[in-house]
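S.K.: coordinates for the following, if possible.
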Amino acid sequence: MEALDCQRCGACCCNPADNRAEGYRDYVEVDRSSRLLKKPALLQRYAVAGDAGPYHLKLVGAEERCAALLGTLGKRVRCAIYDLRPRGCRLVEPGDKSCLQYRRERGL
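M.R.: Prediction:
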């Protein structure tokens with residue numbers, strides 16, 4: 001089995017199929033403990049206030065990928081706010097159930 005390389009993949013940084021099917025556009029919540037909340041310019045660039053109030057990372061483009069994801073899925077990617085990323089982003093681990101599901105959905 002090939003080693004999973006997060007700096008090549010980026011599939012977990014896209015809105016999952018089940019969310020898209022339900023029209024769910026509030027992506028990863030920027031939780032109250034996130035250091036991103038203390039960076040107003042970055043917060044405005046990469047997050048949006050959700051319908052229910054809390055901030056969520058913005059989704060962009062037809063891929064519905066996180067606005068902070070730079071590069072090309074499956075080739076070379078990086079997170080523009082990696083050190084400030086919210087808790088939800090930190091929960092996905094290479095090779096876990098969610099990781100493998102997101103990779104399948106993106107054909108990786």
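S.K.: contacts and neighbour counts: CA atoms only from here.
M.R.: OK.
S.K.: skipping its backbone neighbours, what lies nearest Ala49 in space?
M.R.: Tyr55 (4.2 Å; Cα to Cα, 6 or more residues apart in numbering).
S.K.: and for that neighbour, the neighbour number?
M.R.: Counted with other Cα atoms under 10 Å, residues neighbouring Tyr55 total 22.
S.K.: check Tyr24 too.
M.R.: Counted with other Cα under 10 Å, Tyr24 comes out at 12.
S.K.: what pLDDT does the residue nearest to Ala49 get?
M.R.: Looking at Tyr55, its pLDDT reads 91.
S.K.: what residues does it make contact with?
M.R.: Glu29, Val30, Asp31, Ala47, Val48, Ala49 (Cα atoms under 8 Å, 6 or more residues apart in numbering).
S.K.: neighbouring contacts of the longest helix seen in the chain?
M.R.: The residue-count maximum for a helix in the chain (DSSP state H) belongs to helix 97-105. Applying Cα under 8 Å, 6+ apart, the contact partners of helix 97-105 are Cys9, Ala11, Cys12, Cys14, Pro16, Ala17, Val92, Glu93.
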